[in-house]
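Need coordinates for the below:
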Amino acid sequence: MKQRVLGISFGMLILISCGGNDDPPPTPGMVQLVFPNQNSECTTGVSVNDELSQVTFEWQASENTESYTLTAVNLNTNAPQSINTATTSASLSINKGTPYSWSVRSTNSQSSEDANSETWLFYNSGSQTTYAPFPAQLLSPISGSTVSPNSSDEVTLRWSGADVENDIESYEVFFSDQNPPNTSLQIVDAFTSELNVSVLDNTVYFWKVVTTDSQGNTSDSGVFEFKTL
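Below is the predicted model:
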């Protein structure tokens, strides 16, 4: 009897010791972006040549993170630039007088999961004294998604806009079942960021938003598409 009790106890110890290895690997945390500031003009870049300046991006450290991937996207061309680092800052040579978005991905070699920061917008300073609005960020429907119209056979288009000088005057929404969407659906004021559109079932639609500021500067969001059920 004593041997049987000892055998059971030993088996339980083995199970407990093995169970300790079942803990999931630590998931990296999401970083908080620091600089360049959201919806700002970056004037601290070091000039490289007539077209480029070197900008240093900064963010706060995140937990369980071994490395960071900084990505800056030229919003005029949608061309990304990326750099990996183990520190909380990195420098990129980017175009002067150009709008950019930037974000940071946190990674850990022990985890299959990454963490993505928020995406911030800024203008890299150039020779101009006025800036066009940032291209509107199209929020929903997500490009490539399939959506269900509401009971009125409508889908709601949602976007967000920003401007360094805070002088957006209007958004012009283009919507069509043809690409590019050249049909102007409506021009709305700066305080409007959504619009209901009538749709047909099982149809692919394309849409974009053109933003205009008080000085006549414009920006184009680029085209998103979605399909209705």
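
ok, and what's touching stretch 182-191?
For stretch 182-191, contacts defined as C-beta atoms under 8 Å, 6 or more residues apart in numbering pick out 161, 168-176, 195, 197. For the C-beta atoms, the positions are set from N, CA and C on the backbone; glycine is no exception.

Kindly export that stretch (C-alpha atoms) in PDB.
Extracted as PDB, the C-alpha positions of stretch 182-191 are listed here (Å, rounded to 0.1, in the frame of the first residue of the first chain):
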ATOM      1  CA  ASN A 182     -15.500  59.300 -61.100                       C
ATOM      2  CA  THR A 183     -19.100  59.900 -60.000                       C
ATOM      3  CA  SER A 184     -19.300  62.600 -57.300                       C
ATOM      4  CA  LEU A 185     -21.900  61.500 -54.900                       C
ATOM      5  CA  GLN A 186     -21.900  64.500 -52.600                       C
ATOM      6  CA  ILE A 187     -19.800  67.400 -51.100                       C
ATOM      7  CA  VAL A 188     -20.200  67.600 -47.300                       C
ATOM      8  CA  ASP A 189     -18.700  70.000 -44.700                       C
ATOM      9  CA  ALA A 190     -15.700  69.400 -42.500                       C
ATOM     10  CA  PHE A 191     -17.900  68.200 -39.600                       C
END
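
buried residues in stretch 86-96?
88, 90, 92, 94-96 (16 or more other C-beta atoms under 10 Å).

How far away from the center of its chain is it?
A distance of 17 Å separates the centroid of the chain from that of stretch 86-96, by C-alpha atoms, centre = their mean, to the nearest Å.

cool, and stretch 171-189?
Distance, centroid of stretch 171-189 to centroid of chain: 23 Å (C-alpha atoms, centre = their mean).

quick one: terminal-to-terminal distance for that stretch?
Using C-alpha to C-alpha, to the nearest Å, one end of stretch 171-189 lies 6 Å from the other.

Just give the number of residues close to Q110.
Using other C-beta atoms under 10 Å, Q110 has 12 neighbouring residues.

For it, give me its contacts.
By C-beta under 8 Å, 6+ apart, the contact set of Q110 is 25-26.

Could you look up the SS state of it?
coil (DSSP: H, G, I helix; E, B strand; the rest coil).

how near is it to P24?
In this view, Q110 and P24 are 10 Å apart by C-beta to C-beta, to the nearest Å.

Could you find the closest non-adjacent residue to the most centrally placed residue in the chain?
Nearest to the mean C-alpha position of the chain, by C-alpha atoms, centre = their mean, lies T119 at 4.2 Å. Using C-beta to C-beta, 6 or more residues apart in numbering and skipping the chain neighbours, the partner closest in space to T119 is S103 (4.5 Å).

Is that neighbour bridged to anything, and to what?
Listed by DSSP bridges, the beta-bridge partners for S103 are T71.

Just the ones in strands from the contacts of stretch 182-191, please.
Of the contacts of stretch 182-191, the ones assigned to strands by DSSP state E are 168-176, 195, 197.

Any chance of the residues you listed in CSV with distance to T65 as columns?
Shown next, in CSV, are those (distance: C-beta to C-beta, whole Å):
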residue, distance to T65
I168, 36
E169, 42
S170, 42
Y171, 38
E172, 42
V173, 40
F174, 41
F175, 41
S176, 44
L195, 40
V197, 42
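
Switch those residues over to a markdown table; also include pLDDT.
Output for these, formatted as a markdown table (pLDDT from 0 to 100):
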| residue | pLDDT |
| --- | --- |
| I168 | 97 |
| E169 | 98 |
| S170 | 98 |
| Y171 | 98 |
| E172 | 98 |
| V173 | 98 |
| F174 | 98 |
| F175 | 98 |
| S176 | 97 |
| L195 | 98 |
| V197 | 97 |
